[in-house]
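[1] I'll drop the sequence and a predicted model, then ask my questions.
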Amino acid sequence: MSELKFTVGSNVYNVVEIDGLMRKYDLYGQVTYSDCRIEIEPSLGATRKTNVIIHELLHACLFEAGYDDQDEELVRRLGNVVTQVIGDNLATFDKLLEMEESE
Ligand SMILES: [Zn+2]
């Protein structure tokens, strides 16, 4: 997986693959705020990986916005929809950002 970094608030979160995350801890992914790390299970398929990274990114967004106590169900549901909206509208996001740049 090529190096992925996301700026969230004033921090840069790095995505790293961790062998055995699923086997040892029964997790597809996790985020740690102290070192701004999103850990992901490398054996996941590409689509699942994207979904998990966006899910962890949502946790990071909420944390950076000051929500220390997060509702896992809300993050899971919203993460699934946000994954779909981003994935199905990449060209539109490009257009939107081009409009912003040309102003
Ligand atoms: Zn979660």
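    Cool, got the structure. Numbering: from 1, shown residues only.
[2] Next secondary structure element downstream of the least confident helix or strand in the chain by mean pLDDT?
    Lowest mean confidence among the helices and strands of the chain (mean pLDDT, DSSP states H and E): helix 21-25, at a mean of 90. Per DSSP states H and E, helix 21-25 leads on to strand 29-32 as the next helix or strand towards the C-terminus.
[3] which residues touch the least confident helix or strand of the chain?
    27, 28, 29, 30, 39, 40, 41, 43, 44 (Cβ atoms under 8 Å, 6 or more residues apart in numbering). To be clear about C-beta, it is placed using only N, CA and C from the backbone, and glycine gets the same treatment.
[4] and the gap between the residue nearest to residue 30 when sequence neighbours are not counted and residue 16?
    Excluding the flanking residues, the one nearest residue 30 by Cβ to Cβ, 6 or more residues apart in numbering is residue 39, at 5.2 Å. Residue 39 is 6 Å from residue 16, where distance means Cβ to Cβ, to the nearest Å.
[5] neighbour-wise, which of these two wins?
    Between residue 39 and residue 16, residue 39 has the larger neighbour count (other Cβ atoms under 10 Å), namely 19 against 12.
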